[in-house]
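# predicted model, plus sequence, below.
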Amino acid sequence: MAFPERRMRRLRRTPALRRMVAETRLSVDDLIAPLFVREGIDEPRPIASLPGVAQHTRDSLVKEAERLTFLGVPAVVLFGVPIHKDATGTEAWNPNGIVQVAMADLKDQLGDSIVVIADLCLDEYTDHGHCGIVDDQGRVDNDRTIELYQRVALAQAAAGADVVAPSGMMDGQVGAIRSALDGGGFENVAILAYAAKYASALYGPFRDAVDVQIAGGGNRRAYQQDFHNRREALTEVALDVAEGADMVMVKPALAYLDVIRDVRQMVDVPVAAYHVSGEYSMIKAAAANGWIDGDAVALEHLTAIKRAGADLILTYLAGEIAETLDG
Ligand code: PBG
């Protein structure tokens, strides 16, 4: 026992030893792939600020979901880009709206071999880019917006969504959506609540992906969470669980690992974390410059999110990481 400090290195000596004692294992089962489907295009369109991610046509969406299923990715979360946007976002609950028809395609082609999650929000569908109805003073009206979310939930459920994922951060949205779903006979449709969703500068590339600009250079700080706060996230999560959320989410992921950890300790439902567009783009941009090894950083980041306590990770890296992980 002359040099007890050497003890720590014994189990790091070989890859097999390290694998044997690894505390955290990222698995393809943990991954949820965000996918974009755009109305009125014939070819998938690359998204410049999200290299490797595209706005899909209905056909290419099904092909991509098939590829992900083949790779073992259990779930996708779907975002729509409609041609027509208006003040209230009517396309979001149109039964023939782009997300509804695309979801029905996925369910026709892939059935229950993949979990289809519908992002439930209005920002992709409103002409002002806010997540709800804007009143005369420019504020997003909480309760009128929630009524619209109920319609969206019913349209998404009717189109075949296994899970709806309300992301608008209106107060009471989870309870209202649960009661609408139950009232419509969709008791089996689950809710993944974007419970602790911060007003983050990391959503920039996503807004390119869905063609959203917030009117007047606005922002979402009056409804999404302030990044200075941690305890507030626990209140948000507790409310969503009490209102009937089946799973809760923290978003973004890496700058909020403390929040993921706290939430994991507080609740028993599955905890998801969203590794968002800006987090993905930073890896891709630095890797393209040769400044970091992008694949290695991707694995390190996603493993850290899992280590912090996330059971599920929404990530644009899902497909490429799945290719490198053992089933
Ligand atoms: C809202 C929504 C956003 C994201 C997912 N759902 C944008 C926002 O809140 O402004 C961002 C996802 C990402 O950046 O990858 N529908």
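Good, I have the coordinates.

# which of the three states applies to T24?
Following DSSP: H, G, I helix; E, B strand; the rest coil, we place T24 in the coil state.

# parallel or antiparallel, list what pairs with the one helix or strand Y274 maps to.
Here Y274 sits within strand 271-275, counting by DSSP states H and E. Counting by DSSP bridges, the strands paired with strand 271-275 are strand 247-251 (parallel), strand 312-315 (parallel).

# please export the C-alpha coordinates of that strand as PDB.
Written as PDB, here are the backbone C-alpha positions of strand 271-275 (Å, rounded to 0.1, in the frame of the first residue of the first chain):
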ATOM      1  CA  VAL A 271     -37.500  11.800 -18.100                       C
ATOM      2  CA  ALA A 272     -36.500  13.000 -21.500                       C
ATOM      3  CA  ALA A 273     -34.000  15.600 -22.500                       C
ATOM      4  CA  TYR A 274     -33.900  17.500 -25.800                       C
ATOM      5  CA  HIS A 275     -30.400  18.000 -27.300                       C
END
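
# how much space between the residue of the stretch 51-200 of the chain found nearest the ligand and G309?
Distances between the stretch 51-200 of the chain and the ligand by Cβ to the nearest ligand atom are smallest at C121, namely 3.4 Å. C-betas here are computed from N, CA, C, even on glycine. C121 sits 25 Å away from G309, going by Cβ to Cβ, to the nearest Å.

# also A298?
Distance from A298 to G309, by Cβ to Cβ: 19 Å.

# on that earlier part again, OK, contacts around the residue of the stretch 51-200 of the chain closest to the ligand?
Applying Cβ atoms under 8 Å, 6 or more residues apart in numbering to C121 gives the contacts A92, C131, P166, S167, G168.

# quick one on the thing from earlier: so which of A298 and G309 has more stuff around it?
Neighbour totals were compared for A298 and G309, and A298 leads with 23 against 17 (other Cβ atoms under 10 Å).

# how would you label that one: helix, strand or coil?
Secondary structure assignment for A298 (three-state DSSP): helix.

# if I read this right, it contacts I283, doesn't it?
Yes - using Cβ atoms under 8 Å, A298 is in contact with I283, at 5.8 Å.

# okay, and the common contacts of the two?
Contacts common to A298 and I283, judged by Cβ under 8 Å, 6+ apart, are L317.

# what lies in contact with stretch 234-246?
163, 171-172, 174-175, 178, 190-193, 195-196, 225, 248, 262-263, 266-267, 269-270.

# now those: which count as buried?
163, 174-175, 178, 190-193, 195-196, 225, 248, 262-263, 267, 269-270 (16 or more other Cβ atoms under 10 Å).

# so of these, which ones are in helices?
Counting by DSSP state H, the buried ones among the contacts of stretch 234-246 place V174, G175, R178, D262, V263 in helices.

# quick one, what contacts the first one?
In this case it means V174. By Cβ under 8 Å, 6+ apart, the contact set of V174 is P166, I191, A193, L239, D240, E243, G244, A245.

# just checking, I305 touches I260?
Yes - taking contacts as Cβ under 8 Å, I305 lies within contact range of I260: 6.8 Å.

# count of residues packed around D226?
9.

# please report phi then psi for the closest residue in space to it that isn't next to it in sequence.
Take D226 and drop its neighbours on the chain: the residue closest to it by Cβ to Cβ, 6 or more residues apart in numbering is A199, 6.7 Å away. Note on A199: backbone dihedrals following degrees, to the nearest 10 are phi -70, psi 100.

# could you check whether the helix or strand bottoming out on mean pLDDT in the chain is close to the ligand?
The helix or strand of the chain with the poorest confidence is helix 204-209; it has a mean of 93 (mean pLDDT, DSSP states H and E). Yes - applying Cβ under 6 Å from any ligand atom, one finds helix 204-209 touching the ligand at F206.

# likewise stretch 165-178?
Yes - Stretch 165-178 comes into contact with the ligand (Cβ under 6 Å from any ligand atom), by way of S167.

# which SS class is the residue lying closest to H84 once chain neighbours are set aside?
Spatial nearest neighbour of H84, chain neighbours left out: E91 (5.7 Å); criterion: Cβ to Cβ, 6+ apart. Recorded secondary structure, E91: helix (three-state DSSP).

# residues near E91, how many?
Neighbours of E91 (other Cβ under 10 Å): 25.

# check what pLDDT it gets.
Here, the pLDDT recorded for E91 equals 97.

# residues in contact with it?
Applying Cβ under 8 Å, 6+ apart, the residues contacting E91 are G80, P82, H84, K85, G97, I98, Y125.
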